[in-house]
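Visitor: Would you be able to build a 3D model of this:
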Amino acid sequence: MHTYSLLREIADSWVLLAMFAFFIGVAIWAFWPGMAADQRNAADIPFRNDTNTEEQGHE
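Guide: Okay, here's the model as predicted:
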């Protein structure tokens, strides 16, 4: 049972801290001002192959 208690203590403290630091890092990276062009590019992905239905004769 000693191994379980040790792993539980590590998971409760250090792994939680590591996951929180990872989350903050990803949030900072995602909202970094230099990422605006990449975010705009990703936002346009669904519309890249979109064709105008009026040009095809559909209403």
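
Visitor: lowest-pLDDT helix or strand in the protein?
Guide: Of all helical and strand segments in the chain, the minimum by mean pLDDT, DSSP states H and E falls on helix 2-10, at a mean of 87.

Visitor: Alpha carbons only: can I get it in CSV?
Guide: As requested, the backbone C-alpha atoms of helix 2-10 are provided in CSV (Å, rounded to 0.1, in the frame of the first residue of the first chain):
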residue,chain,number,x,y,z
HIS,A,2,3.0,2.3,0.4
THR,A,3,3.5,2.5,-3.4
TYR,A,4,-0.1,3.5,-3.9
SER,A,5,0.2,6.2,-1.3
LEU,A,6,3.4,7.6,-2.8
LEU,A,7,1.9,7.6,-6.4
ARG,A,8,-1.3,9.2,-5.1
GLU,A,9,0.7,12.0,-3.3
ILE,A,10,2.7,12.7,-6.5
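
Visitor: now residue 18: how far from residue 24?
Guide: 11 Å (CB to CB, to the nearest Å). Just so you know, the C-beta spots here come from the backbone N, C-alpha and C atoms, and that holds for glycine as well.

Visitor: State the number of residues packed around residue 14.
Guide: Around residue 14 sit 10 other residues, with neighbours defined as other CB atoms under 10 Å.

Visitor: Many thanks, I have nothing further to ask.
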